[in-house]
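Trainee: What follows is a protein structure lacking sequence information:
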């Protein structure tokens, strides 16, 4: 899994939009989208901004290593490891489905 894929997953788990994350790191949502797609590869300073904004470790975003107190629990860690073995098209489909459910949850919370 790449830096950008990890950023996208953590951002979605935190129910943030690309625009919201962009504000926190000082970039537009379009730039966040590019980093999530892996174009361009971030410098260490930019990667650190993403880690701070997402309240996760730089080591996790860059290397996939969870820091103490920041581990995922349950079945999700094993599934995330398997995600990396999927064909890129399948990865994109899974991320799209996850995004749809996150949007649905956000809409439901707004509507009451």
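Mentor: Yes, it's here. Keep in mind it's a predicted model, so treat the numbers as computed, not measured.
Trainee: Other residues contacting stretch 38-53?
Mentor: 2-5, 7, 21, 24-26, 34-35, 57-58, 60-62 (Cβ atoms under 8 Å, 6 or more residues apart in numbering). The C-beta positions use only the backbone N, C-alpha and C, and glycine is treated the same way.
Trainee: If you count neighbours, what's buried in that stretch?
Mentor: Neighbour counts over stretch 38-53 (16 or more other Cβ atoms under 10 Å) mark 42, 46-47, 49-51, 53 as buried.
Trainee: which of these lies closest to residue 88?
Mentor: Of all these, the one with the least separation from residue 88 (Cβ to Cβ) is residue 42, at 20.0 Å.
Trainee: Quick check: residue 7 touching residue 35?
Mentor: Yes: using Cβ atoms under 8 Å, residue 7 makes contact with residue 35 at a distance of 6.4 Å.
Trainee: residue ranges with poor pLDDT in this structure?
Mentor: Scanning the chain for pLDDT under 70 picks out 66-78, 81.
Trainee: so the residue nearest to residue 26 when sequence neighbours are not counted is in which element?
Mentor: The spatial neighbour of residue 26 that comes closest, neighbours along the chain excluded (Cβ to Cβ, 6 or more residues apart in numbering), is residue 49 at 6.9 Å. Using DSSP states H and E, residue 49 sits within helix 44-54.
Trainee: Following element in sequence after the helix or strand containing residue 7, please.
Mentor: Using DSSP H and E, residue 7 sits within helix 3-13. With elements assigned by DSSP H and E, the helix or strand that comes after helix 3-13 is helix 18-25.
Trainee: Just send the buried residues of stretch 38-53 back as a markdown table, with distance to residue 15 too.
Mentor: Shown next, in a markdown table, are these (distance: Cβ to Cβ, whole Å):
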| residue | distance to residue 15 |
| --- | --- |
| 42 | 22 |
| 46 | 23 |
| 47 | 22 |
| 49 | 20 |
| 50 | 16 |
| 51 | 18 |
| 53 | 14 |
